[in-house]
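Participant: Have a look; sequence and predicted model below, questions after that.
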Amino acid sequence: MSSHLHARRALMQAALAAFALTTSAGVHAQAAKAPVKVRYEEVVRSILYVPAYVALTQGFFKDAGLDVTMKTSQGTDKGMAALLSGSADIVLIGPEATVYVQNSESPVKPRIFSGLTATDGFLLVSRNKEALDWSKLKGKTIMGFRPGSNPDVYLETALRKHGIDPKKDVTILNNLGPAARAGAWMSGRADYAIFLEPEVGTLEREGKAYPVASIGAEVGQVDYTVFTTTDAFISKQPQVVQAWTNAIARAMKHVQAASPADLAKQVAEFFPAVPQNQIASAIERYKKHNIWKTSPLVEQEAINKLQDMLVTSAVLENGKRVKYQDIVVTDFAKRAK
């Protein structure tokens with residue numbers, strides 16, 4: 001072998017060794033880097049948000065370099081208040097709140113950067129086991145949610161689909177806070193109500209309520225809850241927003257592939273009072289109705305349809321519709337992996 005060949009081989013081996021050392025050092029440096037703390041608030045505690053819980057329990061946020069602490073706001077209005085006041089970095093709320101704030105004088109503007117649920121997860125329940133005849137709801141009282149909130153707007157949309165005027169044909173009870181609703185139902189308030197899981201399963205198990213319709217299935221695919229932050233946070237911490245979106249995209253794939261029983265085990269810590277078989281049944285029900293998104297991207301068509309619903313429900317003036325690009329940032333969802 002020539003001296004030239006020996007020299008070239010020695011040079012290549014030295015280069016490969018240097019590359020290995022550099023790569024190893026980079027990996028160790030990344031591993032040693034402290035995770036970024038993120039203050040997160042969910043709107044309510046519900047099986048509807050299983051993908052977010054999976055991202056927490058399965059280490060997807062941790063793998064993305066995030067140290068997430070979670071609180072429960074008990075309402076989209078409270079979640080938005082936490083975001084605007086600076087006590088939360090990222091919130092899971094209804095997109096209607098961002099539409100409202102965009103039209104307000106608030107100097108802080110929220111931005112939707114990822115979706116989670118593809119439509120409404122509330123189920124219409126009755127006090128009796130029945131095959132629902134929507135026309136028989138006329139003259140009845142239905143326990144809804146806060147006026148102007150997504151649960152109320154989606155309920156009204158489902159009623160109109162079946163020829164029921166929610167302002168004239170029924171009485172919607174919507175002055176109860178989230179924590180007071182189950183107790184009010186148990187005390188006899190209203191003929192029908194909308195509840196999320198696991199409350200539906202708990203009430204059904206106790207013989208107090210029976211699901212008769214999925215509001216989301218009636219309304220169709222319109223983004224219902226979304227991850228929202230402020231324009232300032234996006235400007236200062238774009239890598240955190242991207243990491244969050246990546247973790248959620250990973251959780252979405254996991255939820256689609258995993259069985260309800262496995263998912264129930266993975267999120268059981270968030271519902272300590274609920275039997276795992278009930279959690280699994282609720283997850284199966286939500287999967288059946290295609291409640292969860294398969295991509296974090298919030299599409300323009302969904303925001304347009306939502307604003308149509310808000311206008312029809314008279315909680316948004318037609319002239320105050322907001323532009324999709326003013327409230328939704330798509331870059332992070334499009335780059336999610």
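Facilitator: The structure has been received and is ready for your questions. Worth saying up front: this structure is predicted, and the values here are computed from it rather than measured. Numbering: from 1, shown residues only.

Participant: Where do the helices of the stretch 101-250 of the chain begin and end?
Facilitator: Counting by DSSP state H, counting those that start in this stretch, one finds helices in the stretch 101-250 of the chain at the ranges 150-161, 181-186, 199-205, 215-219, 231-236, 238-257.

Participant: Where does pLDDT dip in the protein?
Facilitator: 1-32 (pLDDT under 70).

Participant: can you list the domain ranges for it.
Facilitator: The record's domain split for the chain, according to automatic domain parsing, is 38-118+222-335, 123-219.

Participant: what's the span of the first one from first residue to last?
Facilitator: Start-to-end span of domain 38-118+222-335 (Cα to Cα, to the nearest Å) is 20 Å.

Participant: want to throw the domains of the chain into TSV with mean neighbour count?
Facilitator: Glycine gets a C-beta too; all of them are placed from N, C-alpha and C. Shown next, in TSV, are the domains of the chain (neighbours: other Cβ atoms under 10 Å):
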stretch	mean neighbour count
domain 38-118+222-335	19
domain 123-219	18
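
Participant: Look up how far A264 lies from the spatially closest residue to N103 that is not a sequence neighbour.
Facilitator: Once flanking residues are discounted, N103 sits nearest to K320: 5.0 Å by Cβ to Cβ, 6 or more residues apart in numbering. Separation of K320 from A264 (Cβ to Cβ, to the nearest Å): 42 Å.

Participant: try N150
Facilitator: Taking Cβ to Cβ as the measure, N150 falls 26 Å from A264.

Participant: Can you tell me which of the helices of the stretch 101-250 of the chain is nearest to A52?
Facilitator: Closest approach to A52 among the helices of the stretch 101-250 of the chain is made by helix 238-257 (7.0 Å; Cβ to Cβ).

Participant: For that closest one, what is the distance to the chain centroid?
Facilitator: Relative to its chain's centre, helix 238-257 lies at 12 Å (Cα atoms, centre = their mean, to the nearest Å).

Participant: Packing partners of it?
Facilitator: strand 36-42, helix 50-57, helix 60-63, strand 66-72, strand 110-117, strand 225-230, helix 231-236, helix 331-335 (3 or more Cβ pairs under 8 Å, 6 or more residues apart in numbering; DSSP states H and E).

Participant: Reformat these as TSV; add distance to S295.
Facilitator: Below are these laid out as TSV (distance: least, Cβ to Cβ, whole Å):
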stretch	distance to S295
strand 36-42	20
helix 50-57	12
helix 60-63	16
strand 66-72	20
strand 110-117	8
strand 225-230	13
helix 231-236	20
helix 331-335	7
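
Participant: Of these, give the one that comes closest to L316.
Facilitator: Across the helices and strands packed on helix 238-257, closest to L316 is strand 110-117 (Cβ to Cβ), at 15.8 Å.

Participant: Helix 238-257 and the closest one, what's the angle between them?
Facilitator: Here strand 110-117 runs at an angle of 20 degrees relative to helix 238-257 (axes from the mean of the first three to the mean of the last three Cα atoms, to 10 degrees).

Participant: Would you confirm that Q278 contacts L203?
Facilitator: No: using Cβ atoms under 8 Å, Q278 is not in contact with L203, being 11.1 Å away.

Participant: To which secondary structure element is the residue nearest to R205 when sequence neighbours are not counted assigned?
Facilitator: The shortest distance from R205 to any non-neighbouring residue, by Cβ to Cβ, 6+ apart, is to Q278 (6.8 Å). Taking DSSP states H and E as the definition, Q278 sits inside helix 276-288.

Participant: Other residues contacting that helix?
Facilitator: Outside helix 276-288, the residues that touch it by Cβ atoms under 8 Å, 6 or more residues apart in numbering are 47-48, 50, 121, 123, 197-198, 200-202, 205, 211, 260-261, 263-265, 267-268, 271, 292.

Participant: cutoff 6 Å now
Facilitator: 47, 197-198, 201, 260-261, 263-264, 268, 271 (Cβ atoms under 6 Å, 6 or more residues apart in numbering).

Participant: And those residues, which is closest to D63?
Facilitator: L263 (18.5 Å).

Participant: show me the contacts for that closest one.
Facilitator: Going by Cβ under 6 Å, 6+ apart, L263 touches I283.

Participant: if I read this right, V125 contacts I194, doesn't it?
Facilitator: No: using Cβ atoms under 6 Å, V125 is not in contact with I194, being 7.3 Å away.

Participant: returning to that earlier point: let me have the contacts of helix 276-288 in JSON lines, adding distance to V329 as columns.
Facilitator: Output for the contacts of helix 276-288, formatted as JSON lines (distance: Cβ to Cβ, whole Å):
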{"residue": "I47", "distance to V329": "28"}
{"residue": "E197", "distance to V329": "30"}
{"residue": "P198", "distance to V329": "32"}
{"residue": "G201", "distance to V329": "36"}
{"residue": "P260", "distance to V329": "33"}
{"residue": "A261", "distance to V329": "36"}
{"residue": "L263", "distance to V329": "29"}
{"residue": "A264", "distance to V329": "33"}
{"residue": "A268", "distance to V329": "34"}
{"residue": "F271", "distance to V329": "32"}
